[in-house]
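Q: Build the 3D model from these lines:
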Amino acid sequence: MSPPCRDIMGVAVTAATAAEMTAALDRRRGEGARTRLAFLNAHTSNLAAADPAFRATLSDFVVLNDGVGIDIASRWLHGARFPENLNGTDFVPAYLQATARPARLFLLGAAPGIAEAAAARLIAAAPQHTLAGVRHGYFAPAEADAVARQVAASGADIVLVALGNPAQERFIAAHFETLGCDLAIGVGALFDFLAGRVRRAPGWLRRIRAEWVYRLWLEPGRLWRRYLLGNSQFLWRLLWTRRRAAEAR
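A: This next block holds a predicted model:
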């Protein structure tokens with residue numbers, strides 16, 4: 001039985017613990033079901049609201065909750081928090097360590113050299129897996145088909161795609177049949193974190209769900225629009241959605 005979903009402003013988000021999602025993904029892989037996995041945070045929620053095509057793309061993914069904004073939305077719209085914060089930076093390595101099903105991994109994305117370093121960290125932490133291949137994410141749109149064929153030729157069972165939102169989800173959606181993998185996951189900045197290119201927030205900040213503050217402090221020029229303007233936009237949309245839901249009752 002699959003974990004239940006909650007509608008977070010037009011995107012169905014799975015409500016589960018990490019252990020439940022690990023069991024669900026392993027069950028799907030064991031049954032031969034192929035899965036696209038994504039993560040919804042305030043930023044990707046804003047993107048989905050602004051782009052109906054991207055929102056439709058996410059409907060073909062299993063989507064997990066990432067961050068305090070989505071948790072607030074769940075409380076306001078459904079009266080309950082999500083069971084756990086399943087952000088990709090923590091959940092993907094945890095899944096690879098916990099899964100009972102060994103896999104061949106392909107890491108696609110980030111700058112040259114970053115995927116290699118990230119792969120070494122993942123395989124060291126989860127040695128039941130083997131590395132099928134790596135490729136950086138600096139390729140032109142016209143090369144996407146060839147990149148997908150390269151991944152397919154590696155025989156990868158699990159493909160981690162780090163191209164940023166919404167490019168990584170669109171790549172997975174457009175090339176899923178070619179990839180041929182059991183599980184394709186859009187992982188955002190995971191490779192940069194694993195490779196040490198970007199520092200994680202201290203543990204206490206992660207525990208209070210404020211890692212975004214640390215990232216904003218590290219990269220204000222790149223991230224201020226996403227976090228300051230984007231978070232405000234997300235909260236206004238949430239207030240409007242909650243009001244309309246109340247009026248409809």
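Q: Please state the backbone phi and psi of Ala152?
A: Note on Ala152: its backbone torsions stand at phi -60, psi -40 [degrees, to the nearest 10].
Q: OK, contacts around it?
A: Thr178, Leu179, Gly180 (CB atoms under 8 Å, 6 or more residues apart in numbering). For the C-beta atoms, the positions are set from N, CA and C on the backbone; glycine is no exception.
Q: Give me the subset of those residues lying in helices.
A: Thr178, Leu179 (DSSP state H).
Q: Turn the contacts of Ala152 into JSON lines, columns for distance to Val92.
A: Conversion of the contacts of Ala152 to JSON lines gives the following (distance: CB to CB, whole Å):
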{"residue": "Thr178", "distance to Val92": "22"}
{"residue": "Leu179", "distance to Val92": "17"}
{"residue": "Gly180", "distance to Val92": "20"}
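Q: Where does the prediction get shaky in the protein?
A: Across the chain, the ranges flagged by pLDDT under 70 are 1, 200-201, 204-205, 208-210, 212-214, 216-217, 223-224, 227.
Q: Can I get stretch 110-126 as PDB, trimmed to CA atoms?
A: C-alpha atoms of stretch 110-126 as PDB (Å, rounded to 0.1, in the frame of the first residue of the first chain):
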ATOM      1  CA  ALA A 110      26.800  19.900 -11.200                       C
ATOM      2  CA  ALA A 111      30.100  21.300 -12.400                       C
ATOM      3  CA  PRO A 112      32.900  19.200 -13.800                       C
ATOM      4  CA  GLY A 113      34.600  17.100 -11.100                       C
ATOM      5  CA  ILE A 114      31.800  17.500  -8.500                       C
ATOM      6  CA  ALA A 115      29.800  14.400  -9.400                       C
ATOM      7  CA  GLU A 116      32.900  12.300  -9.100                       C
ATOM      8  CA  ALA A 117      33.600  13.600  -5.600                       C
ATOM      9  CA  ALA A 118      30.000  13.100  -4.600                       C
ATOM     10  CA  ALA A 119      29.900   9.600  -6.000                       C
ATOM     11  CA  ALA A 120      33.000   8.700  -3.900                       C
ATOM     12  CA  ARG A 121      31.200   9.900  -0.800                       C
ATOM     13  CA  LEU A 122      28.000   8.000  -1.600                       C
ATOM     14  CA  ILE A 123      29.700   4.700  -2.400                       C
ATOM     15  CA  ALA A 124      31.800   5.000   0.800                       C
ATOM     16  CA  ALA A 125      28.700   5.500   2.900                       C
ATOM     17  CA  ALA A 126      26.600   2.900   1.100                       C
END
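Q: So which bits of it are buried?
A: By neighbour count on 16 or more other CB atoms under 10 Å, the buried set for stretch 110-126 is Ala110, Ile114, Ala115, Glu116, Ala117, Ala118, Ala119, Leu122, Ala126.
Q: swap in stretch 59-77?
A: Of the residues in stretch 59-77, 61-74, 77 count as buried by neighbour count, 16+ other CB under 10 Å.
Q: hang on, the earlier thing: can you redo the buried residues of stretch 110-126 as TSV with secondary structure and distance to Asp26?
A: Converted to TSV, these look like this (DSSP: H, G, I helix; E, B strand; the rest coil; distance: CB to CB, whole Å):
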residue	secondary structure	distance to Asp26
Ala110	coil	27
Ile114	helix	28
Ala115	helix	25
Glu116	helix	27
Ala117	helix	27
Ala118	helix	23
Ala119	helix	21
Leu122	helix	17
Ala126	coil	14
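Q: can you put the residues you listed in TSV and add distance to Thr241?
A: Formatted as TSV, those follow (distance: CB to CB, whole Å):
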residue	distance to Thr241
Ala110	34
Ile114	37
Ala115	38
Glu116	43
Ala117	41
Ala118	36
Ala119	40
Leu122	37
Ala126	39
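Q: Shouldn't Arg28 be within a helix?
A: Yes. Counting by DSSP: H, G, I helix; E, B strand; the rest coil, Arg28 is part of a helix.
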